[in-house]
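In: Here's my sequence, what's the structure:
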Amino acid sequence: MTDVQDPIAEVVAQTEQVSLEEAQENTHVHDENCTHDHEHEHDAAAAAAAAQQRNDYDLLETNNTKDKTTDPLVKNYFEAKELFEKSMTLLNAIPEGAEPELIEKHKDEIVEVTKGLMKAFLLDEKACVMNQRILKLAEQYEVYVQTHNPEGTSTATVDSEEEDAEQQTTIYTKDSVVFVIWILFSGQQWAHCVQTLSFAITEFEDIRPRMLELRASCKMALRDYKGCNEDLEQALEIQPSNVENHSMLGNVYYATHQAQEAIAHFKAFVEAAHPDSRTLPNAYYALATLTLQSIPSGSSKKKSNQALKQVSLLKEAQMYFQKAQGADLRFKELYGVVTAFNEIKRTAFMAFQSRSAGRNGTLQPAQTPALLEAAEALKKSFKTPGLLSCANCGRHDNIANEGRSEELKPKALLKCAKCNKVAYCSRPCQITHWNTTHKNTCKK
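Out: Numbering: from 1, shown residues only. Have a look, this model is predicted:
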């Protein structure tokens, strides 16, 4: 018997209340980089949504290059996708409903389909699209578990929310817990998902690394970057072979402006990553800019230690940028599209590209003086990026400036008095950001 603070049974009972959107309803953002034909918006939006959700492994089939890579993550994805589709075919043959007679008649199929779907989700959640029929299967499987108490069932004692009420006992299996996690994760119910994942991490040792990775994703969505990093670090300790977690850690540390930690994880990633990894170009671009901004400032005499270090780091930064461009070309060969022009890639291009492209159209690395100048600019932006806009809503000026006379000097953003690294447009935004995020990362 196990005492738990967050009852699985309560989450299962809320299954039907989870609001989900179908994958094709994801919204495409039309920004300055958008170049597609808006008359064919539906197809383009679907493609963009797929890329944003890291489902672009499907492009390998479109581009007829699936067999040209041995990336293990590609293999996992297509295994999960095949298993998901097979399970859905079986599920569609099972009548809907949770009547005892129906559950008894189809219990074997319900168990088989549930196991298949949970295995697919654990392999790669991006290959599994939640839908209403799967939600109804969750109800059917729950009735089966509560009725038949199958092998592998466990019990947990939970406290009732009603005052003076007696404790209740709930029955669960590993698959029923994973099912709840999948539903909450798909519905972006991050806080509830963290609770259920914490239970699973404690209860099921064999899937602990996967549960830690999913909990890290939830915490990232909740802007709990410290907790996200802790989960990814723990997952790496248990399963060092999953080097993609180094890439994710590098991204989080980069976003929170912890340069040395970001460099360490990105280096660990590029040293062990498969050459066709989707995230390899991003890691190289990040290393290029991070290495560049770590170059010592100021002029120095030739052959001095500082001058030698400057030259060494410049060469290293240029090497990473060139490797990033090479990885980008490989990505385009496989997927038929270029990698996203995100903040990391944009920053690298601004620092390294020459004022004009070479004859073959490829961008050439800038010369040493220009790179040293770029390094100084990077240092300033990397140290104080949070002071340029509101850390909570993104507004670039103090909200008090609305309606303020143009003759008066505009009010500046409010800075965090403790760390002086983030700013806000108003006191309410500061309070909100502190309660949701900044109190976990603020350093004096």
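In: hang on, Ala138 is in a helix, isn't it?
Out: Yes - under DSSP: H, G, I helix; E, B strand; the rest coil, Ala138 sits within a helix.
In: count of neighbours near it?
Out: Applying other CB atoms under 10 Å, we find 21 residues neighbouring Ala138. No exception for glycine: its C-beta is placed from N, CA and C like everyone else's.
In: Local confidence estimate at it?
Out: Turning to Ala138, the model gives it a pLDDT of 97.
In: Same question for Cys218.
Out: Value for Cys218, per-residue pLDDT: 96.
In: How about the contacts made by Leu308?
Out: Applying CB atoms under 8 Å, 6 or more residues apart in numbering, we find Leu308 in contact with no residue.
In: Please give the element, helix or strand, for it.
Out: For Leu308, the host element (DSSP states H and E) is helix 305-335.
In: What mean pLDDT does that helix get?
Out: Across helix 305-335, the average pLDDT comes to 89.
In: Show me what counts as buried in that helix.
Out: Residues of helix 305-335 classed as buried by neighbour count (16 or more other CB atoms under 10 Å): 310, 313-314, 316-318, 320-321, 323-325, 327-328, 330-331, 334-335.
In: got it, and stretch 67-77?
Out: Thr69, Asp71, Leu73, Val74, Asn76, Tyr77.
In: just stretch 189-199 next, same as before
Out: Buried-residue list, stretch 189-199, by 16+ other CB under 10 Å: Gln189, Trp190, His192, Cys193, Val194, Gln195, Thr196, Leu197, Ser198, Phe199.
In: Ok, stretch 141-157 next?
Out: Here stretch 141-157 shows Tyr141, Glu142, Val143, Tyr144, Val145, Gln146, Ser154, Ala156 as buried, counting by 16+ other CB under 10 Å.
In: wait, doesn't the second one sit right on Ser176?
Out: Right, Glu142. Yes - between Glu142 and Ser176 there is a contact under CB atoms under 8 Å: 6.4 Å.
In: And the strands in the stretch 151-300 of the chain?
Out: 154-158, 168-172 (DSSP state E, counting those that start in this stretch).
In: Show me the one of these that comes nearest Met88.
Out: Proximity to Met88 (CB to CB) singles out strand 168-172 among the strands of the stretch 151-300 of the chain, at 23.9 Å.
In: do you know how far Gly403 is from Arg427?
Out: Plainly put, Gly403 is 18 Å away from Arg427 if you go by CB to CB, to the nearest Å.
In: can you pull the contacts of the residue positioned nearest the centre of the chain?
Out: In the chain, the centroid-proximal residue (CA atoms, centre = their mean) is Ser217; its distance is 5.3 Å. Listed by CB under 8 Å, 6+ apart, the contact partners of Ser217 are Phe185, Cys228.
In: still on that earlier bit, please identify which of the strands of the stretch 151-300 of the chain is closest to Thr437.
Out: strand 154-158 (30.2 Å).
In: for the closest one, what is the average pLDDT?
Out: 74.
In: Same question for stretch 238-251.
Out: Mean predicted confidence for stretch 238-251 is 96.
In: Quick check: buried residues in it?
Out: Asn242, Val243, Glu244, Asn245, His246, Ser247, Met248, Leu249, Gly250, Asn251.
In: So which of the residues you listed are in helices?
Out: Among those, the ones falling in helices (DSSP state H) are Glu244, Asn245, His246, Ser247, Met248, Leu249, Gly250, Asn251.
In: Noted, bye for now.
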